[in-house]
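A.B. asks: I would like to see how this sequence folds:
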Amino acid sequence: MVEIAILPLALTVMLGPQILVGMLLITRKDPIKSSLVYILAVISTLILTTYLYYSLANITGLKEASIGGRPVVKYFLIALFIFLIIRSIINRKKITASPKWMQGISTSSLGKIFIIGVCLIAFMPTDIAIAFTVGNLLNSESSPFLDALPFFGAVLLISLLPLSIYFSLGPKGPEYLEKVNAWLNTHGYVINVIVLSFFIFLLI
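C.D. replies: Numbering: from 1, shown residues only. Prediction:
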């Protein structure tokens, strides 16, 4: 797997509702337990979905399909990333208010938090695209699935950031996280656009 792509891929997975939920969990009465449950859901779902796309690409022989000597999947991914960039720009003003399910995070059960973590990775368009991209990269390089471990490790480190801030700053942690949360909620799309543009550059 291309090492230069690991961090941007991991950032794209977590920058959005995924990291915002992690920050909100720090404000709960059980920040450590709820955060660990959420992180477990995120990482396990990401591994499962990536393996699913990896196996699918391998079984279908998708990596061998080509147009003009270039893999079809590259054209598909470029088109998908362009769509996600346009979508991020169009929806940039629609993410300033937290959805109802996110507002209830502070009182949700641990089971619901786990389900939220699963859904955010399994059904978010950006995360589906990233899991598919990683699976395809591994296949195109004829690499074993274990070569994706650095990617999963990077996602794990990013998902641990809110908890790390909580331990580092103590009582002031939630206050700082709220400021970061507010910034990401209104400017996170900029990071997504930059990262997705970087992927298009790599594919071209």
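
A.B. asks: Could you tell me which ranges of the chain sit under the pLDDT cut-off?
C.D. replies: By pLDDT under 70, the low-scoring segments of the chain are 1-5, 61-71, 93-103, 171-174, 177, 181, 184-188, 203.

A.B. asks: for it, what spans make up the helices?
C.D. replies: Counting by DSSP state H, the chain has helices at residues 6-14, 17-25, 31-60, 72-90, 100-103, 110-122, 125-140, 149-159, 161-169, 173-203.

A.B. asks: contacting residues around the first one?
C.D. replies: Okay, so that is helix 6-14. Contacts to helix 6-14, defined as Cβ atoms under 8 Å, 6 or more residues apart in numbering, come from residues 46, 121, 126-127, 130, 133-134, 150-151, 154-155, 157-159, 191-192, 195-196, 198-199. For the C-beta atoms, the positions are set from N, CA and C on the backbone; glycine is no exception.

A.B. asks: Any of those buried? List them.
C.D. replies: Among the contacts of helix 6-14, those classed as buried by 16 or more other Cβ atoms under 10 Å are 46, 121, 126-127, 130, 133-134, 151, 154-155, 158-159, 191-192, 195-196, 198-199.

A.B. asks: from the helices of the chain, which stretch is densest packed?
C.D. replies: helix 17-25 (a mean of 25; mean count of other Cβ atoms under 10 Å).

A.B. asks: What angle do helix 161-169 and it make with each other?
C.D. replies: Interaxial angle of helix 17-25 relative to helix 161-169 (axes from the mean of the first three to the mean of the last three Cα atoms, to 10 degrees): 30 degrees.

A.B. asks: Return the list of helices and strands in contact with helix 17-25.
C.D. replies: For helix 17-25, the packing partners by 3 or more Cβ pairs under 8 Å, 6 or more residues apart in numbering; DSSP states H and E come out as helix 31-60, helix 100-103, helix 110-122, helix 149-159, helix 161-169, helix 173-203.

A.B. asks: Tell me the helices and strands packed up against the first one.
C.D. replies: So the one you mean is helix 31-60. Using 3+ Cβ pairs under 8 Å, 6+ apart, the elements in contact with helix 31-60 are helix 17-25, helix 110-122, helix 125-140, helix 149-159, helix 161-169.

A.B. asks: Turn the ones you listed into CSV, including distance to residue 79.
C.D. replies: Shown next, in CSV, are the helices and strands packed on helix 31-60 (distance: least, Cβ to Cβ, whole Å):
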stretch, distance to residue 79
helix 17-25, 24
helix 110-122, 22
helix 125-140, 11
helix 149-159, 23
helix 161-169, 32
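
A.B. asks: just to revisit the earlier point, tabulate the helices and strands packed on helix 17-25 (a markdown table), appending distance to residue 24.
C.D. replies: Shown next, in a markdown table, are these (distance: least, Cβ to Cβ, whole Å):
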| stretch | distance to residue 24 |
| --- | --- |
| helix 31-60 | 9 |
| helix 100-103 | 7 |
| helix 110-122 | 10 |
| helix 149-159 | 13 |
| helix 161-169 | 9 |
| helix 173-203 | 7 |
